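1. Pasting the sequence and the predicted model now:
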Amino acid sequence: MAEHPKLGIRTNRICCIGAGYVGGPTMATIALKCPHLQVDIVDMNEERISRWNSDDLPIYEPGLGEVVKACRGKNLFFSTDVKKGVEEADIIFASVNTPTKTQGVGKGRAADLRFIESVGRTIAQFANRSKIVIEKSTVPIKTAEAIARVLSANEAASGSRKNFWILSNPEFLAEGTAMADLDQPDRVLIGGQDQDAIGVLVDIYANWVPRERILCTNLWSSELSKLVANAFLAQRVSSINSISRLCERTGADVKEVSRAVGADTRIGPKFLNASVGFGGSCFQKDILNLVYICQQFGLEEEGAYWQQVVDMNDHQKVTFTSKIIQALFNTVTKKKIAVFGFAFKKDTGDVRETPALLVCDMLMKDGAIVHVYDPKVAIEDALQEFKYHDLEVNQSQFIFSTSAEEACDGAHAIVVLTEWDEFKKYDYQKFYSKMMKPAFLFDGRNMLDHAGLEKIGFEVHALGKARVATEHHHQDFVMRAGSKPLGTS
Ligand SMILES: NC(=O)c1ccc[n+]([C@@H]2O[C@H](COP(=O)([O-])OP(=O)(O)OC[C@H]3O[C@@H](n4cnc5c(N)ncnc54)[C@H](O)[C@@H]3O)[C@@H](O)[C@H]2O)c1
Ligand SMILES: O=c1ccn([C@@H]2O[C@H](COP(=O)(O)OP(=O)(O)O[C@H]3O[C@H](CO)[C@@H](O)[C@H](O)[C@H]3O)[C@@H](O)[C@H]2O)c(=O)[nH]1
């Protein structure tokens with residue numbers, strides 16, 4: 001292929017460093033939409049790469065398997081050979097993890113940039129020609145400057161005269177809908193300083209994304225917009241969750257409030273579902289990162305504003321679990337609790353920062369025996385997540401069931417933590433008959449037919465809705481005892 005007339009690089013080979021939840025689906029989509037390009041995905045994790053090269057892909061994402069199958073071995077390759085990947089491609093994406101720092105300055109808030117820095121150093125070490133380097137990872141504002149410095153300092157030291165154009169191209173896909181999000185993105189965001197380098201990336205996306213949806217900005221706007229988008233989304237969840245608590249006290253129904261509020265076109269109906277709390281690898285870490293950046297610039301109040309979004313989320317998880325313990329007569333010791341769902345949302349096997357972690361931990365600390373059923377999560381991954389958070393698990397209290405029915409057998413309560421569609425289709429009458437009585441159901445996703453469940457006999461605790469049904473039961477009881485219920489004359 002001819003070289004780019006101005007940049008002098010070849011634009012038909014792409015390498016992506018990092019074969020994770022973003023690198024895998026994103027590059028598979030580019031390979032599918034751009035058959036004229038060769039896409040190499042490299043990762044230092046051998047097990048991950050060998051699974052990408054098998055039928056048992058390392059991540060579950062609807063539609064991903066088909067795309068990988070269609071492209072793998074043709075113009076999509078997975079390898080651990082990072083050196084070769086960097087040498088052969090002139091367009092390099094960095095899609096490595098950027099978790100929250102767990103030690104040192106900024107511990108618990110700042111982004112740990114060691115992987116992104118290592119990508120910079122790897123490129124500096126192996127690059128044989130000029131290259132475009134693209135930040136796909138979510139990074140703090142000004143990270144491009146750090147990468148540029150690592151690259152230019154190494155260039156200067158080696159006496160060579162290669163060019164590196166740094167672009168920011170944050171990813172907005174959500175897990176569970178990644179392939180659809182990549183196929184039809186609301187927007188693609190590209191930040192950079194060099195218009196020709198920006199143009200190379202624009203041309204790649206323009207193979208399937210309408211040009212008016214490809215937004216080009218300066219580097220810093222692009223880096224910051226990613227953090228801000230996640231902060232705004234998470235803020236909506238925390239906002240509606242805070243309102244759900246008020247609904248429970250007042251007789252309003254949070255679902256009705258969401259509908260009424262979201263009908264305002266300025267607000268919009270999406271992302272207003274009250275829940276046990278948001279999870280996932282991104283929201284919390286990106287907001288904490290935003291807070292840290294604000295603080296670094298002396299913007300204490302601004303940082304405190306965004307910190308509230310995370311604090312509210314933690315509060316929601318704790319109050320939800322406290323409600324369970326309270327309802328179960330203030331003790332769950334030795335009680336079997338059926339937990340439906342452990343993933344942080346439906347259609348993914350990802351458990352990073354899942355709210356299920358805190359809920360199960362609190363229940364187990366109170367003595368409960370938790371029986372989890374999740375269609376896609378393996379117990380090893382769940383245990384790994386506990387370990388990552390320094391939470392000890394007594395394995396006799398944390399059991400994975402092979403079906404929801406098995407989890408319910410002899411249980412005192414069902415706790416719904418993930419909104420998997422199959423949870424709506426179960427025969428709850430059958431589950432009820434196998435459970436201890438009273439049989440409780442706590443719907444942490446407000447997704448089930450609560451009236452129907454009450455009819456079966458469950459004591460249902462929905463989010464953001466007072467327990468009217470209990471009052472009815474109570475009134476029935478009072479009436480049978482010969483007194484008049486409240487509100488009648
Ligand atoms: N998960 C999401 O839904 C999502 C969405 C948008 C953006 N992001 C952002 O994208 C980035 C990647 O997220 P992810 O969920 O794909 O992470 P991930 O942990 O699933 O994948 C990252 C991969 O990078 C590899 N890696 C790290 N350093 C490397 C190096 N020097 N050389 C080779 N391989 C290396 C790791 O082995 C790992 O497999 C993060 O910054 C994240 O915030 C994630
Ligand atoms: O109304 C809602 C919407 C979401 N959630 C929860 O919020 C979390 C995050 O959900 P979602 O945003 O759908 O999934 P992610 O894969 O975490 O995607 C977010 O984080 C990604 C990583 O940065 C971004 O790319 C995406 O745009 C952004 O939506 C999950 O626990 C959801 O259950 C709610 O509780 N209520």
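-> Arrived safely. Ligands and ions are numbered 1, 2, ... in the order given.
2. Could you pull up the contacting residues of whatever residue of the stretch 1-150 of the chain ends up closest to ligand 1?
-> For the stretch 1-150 of the chain and ligand 1, the shortest gap (C-beta to the nearest ligand atom) falls at Gly20, measuring 1.9 Å. Glycine gets a C-beta too; all of them are placed from N, C-alpha and C. Listed by C-beta atoms under 8 Å, 6 or more residues apart in numbering, the contact partners of Gly20 are Asp43, Arg48, Ile59, Ser95, Val96, Asn97.
3. just the residues you listed that are near ligand 1?
-> Near ligand 1, taking C-beta under 6 Å from any ligand atom as the test, the members of the contacts of Gly20 found are Asp43, Arg48, Ser95, Val96, Asn97.
4. Mark which of the residues you listed are part of helices, please.
-> Arg48 (DSSP state H).
5. out of the ones next to ligand 1 among the contacts of Gly20, who has the most neighbours?
-> Most neighbours among the ones next to ligand 1 among the contacts of Gly20, by other C-beta atoms under 10 Å: Ser95, with 27 neighbours.
6. Mind pulling up the pLDDT for it?
-> pLDDT recorded at Ser95 is 98.
7. same question, Val318
-> Reading off the model, Val318 has pLDDT 98.
8. Quick check: it touching Leu363?
-> No: between Val318 and Leu363 there is no contact under C-beta atoms under 8 Å: 11.8 Å.
9. quick one: which of these two has more around it?
-> Neighbour totals were compared for Val318 and Leu363, and Leu363 leads with 24 against 14 (other C-beta under 10 Å).
10. and that one, what helix or strand is that in?
-> Assigned by DSSP states H and E, Leu363 belongs to helix 355-365.
11. Only the buried residues of that helix, if you could.
-> Neighbour counts over helix 355-365 (16 or more other C-beta atoms under 10 Å) mark Pro355, Ala356, Leu357, Leu358, Val359, Cys360, Asp361, Met362, Leu363, Met364 as buried.
12. quick one: contacts of it?
-> If you take C-beta under 8 Å, 6+ apart as the criterion, helix 355-365 is touched by 275-279, 314, 317-318, 320-322, 324-325, 332, 337, 339, 341-344, 351, 370, 372, 382, 385-386, 389, 391, 393-394, 397-398, 415, 417-418, 444.
13. So which of these reach ligand 2?
-> Contacts with ligand 2 within the contacts of helix 355-365, as defined by C-beta under 6 Å from any ligand atom: Ser275, Phe278, Gly279, Phe344.
14. separation between the third one and ligand 1?
-> Distance of Gly279 to ligand 1, given as C-beta to the nearest ligand atom, to the nearest Å: 12 Å.
15. pretty sure that residue belongs to a helix, no?
-> No: going by DSSP: H, G, I helix; E, B strand; the rest coil, the assignment for Gly279 is coil, not a helix.
16. Could you find the closest non-adjacent residue to it?
-> Distance criterion C-beta to C-beta, 6 or more residues apart in numbering; nearest residue to Gly279, sequence neighbours excluded, is Phe344 at 3.2 Å.
17. Pull the contacting residues for the one you found.
-> If a contact means C-beta under 8 Å, 6+ apart, then Phe344 has Glu175, Phe278, Gly279, Gly280, Asp350, Val351, Arg352, Glu353, Thr354, Pro355, Ala356, Thr418 as its contacts.
18. Is Ile399 part of a helix or strand, or is it coil?
-> Reduced to three states with three-state DSSP, the structure at Ile399 is strand.
19. ok, now Ile41?
-> With three-state DSSP as the basis, Ile41 sits in strand.
20. And it, what's its pLDDT?
-> The model reports Ile41 with a pLDDT of 98.
21. do the same with Met1
-> pLDDT, read off for Met1, is 65.
22. which residues of the chain score low on pLDDT?
-> For the chain, the stretches with pLDDT under 70 are 1, 468-489.
23. Mind telling me which residue is nearest the centre of it?
-> A centroid search over the chain (C-alpha atoms, centre = their mean) returns Gly280, at 3.0 Å, as the residue closest to the centre.
24. Report the contact partners of it.
-> Glu175, Phe344, Lys345, Asp350, Arg352, Glu353, Thr354.
25. Could you dump the residues you listed into JSON lines and include distance to Lys142?
-> Formatted as JSON lines, these follow (distance: C-beta to C-beta, whole Å):
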{"residue": "Glu175", "distance to Lys142": "27"}
{"residue": "Phe344", "distance to Lys142": "29"}
{"residue": "Lys345", "distance to Lys142": "31"}
{"residue": "Asp350", "distance to Lys142": "29"}
{"residue": "Arg352", "distance to Lys142": "25"}
{"residue": "Glu353", "distance to Lys142": "25"}
{"residue": "Thr354", "distance to Lys142": "31"}
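26. picking up where we left off before, is the residue nearest to Gly279 in a helix, a strand, or coil?
-> Per three-state DSSP, Phe344 ends up coil.
27. do Phe77 as well
-> Going by three-state DSSP: Phe77 is strand.
28. how many other residues sit next to the residue lying closest to it once chain neighbours are set aside?
-> Distance criterion C-beta to C-beta, 6+ apart; nearest residue to Phe77, sequence neighbours excluded, is Asp40 at 4.9 Å. Residues lying near Asp40 (other C-beta under 10 Å) number 24.
29. contacting residues around Asp40?
-> Arg13, Ile14, Cys15, Cys16, Phe77, Phe78, Ser79, Lys84, Gly85, Glu88, Ala89.
30. who's in contact with the closest residue to ligand 1 within the stretch 301-450 of the chain?
-> For the stretch 301-450 of the chain and ligand 1, the shortest gap (C-beta to the nearest ligand atom) falls at Asp350, measuring 7.2 Å. Residues counted as contacts of Asp350 (C-beta under 8 Å, 6+ apart) are Tyr21, Ile59, Glu175, Gly280, Ser281, Ala343, Phe344.
31. What separation do you get for the third one and Gly280?
-> Looking back up the chat, that one is Glu175. 7 Å (C-beta to C-beta, to the nearest Å).
32. now do Phe342
-> Distance of Phe342 to Gly280, computed by C-beta to C-beta: 13 Å.
33. Looks like Ile49 contacts Ala19 (just checking).
-> Yes: applying C-beta under 8 Å, one finds Ile49 in contact with Ala19, separated by 6.2 Å.
34. Could you check which of these two is surrounded by more residues?
-> Ala19 (25 against 19).
35. Spatially nearest residue to the more buried one (excluding sequence neighbours)?
-> Asp43 is the one closest to Ala19 (C-beta to C-beta, 6+ apart), at 3.8 Å.
36. correct me, but the one you found touches Gly24?
-> No: assessed by C-beta under 8 Å, Asp43 is found out of contact with Gly24, at 9.2 Å.
37. between the buried residues of helix 355-365, which is nearest ligand 2?
-> Pro355 (6.7 Å).
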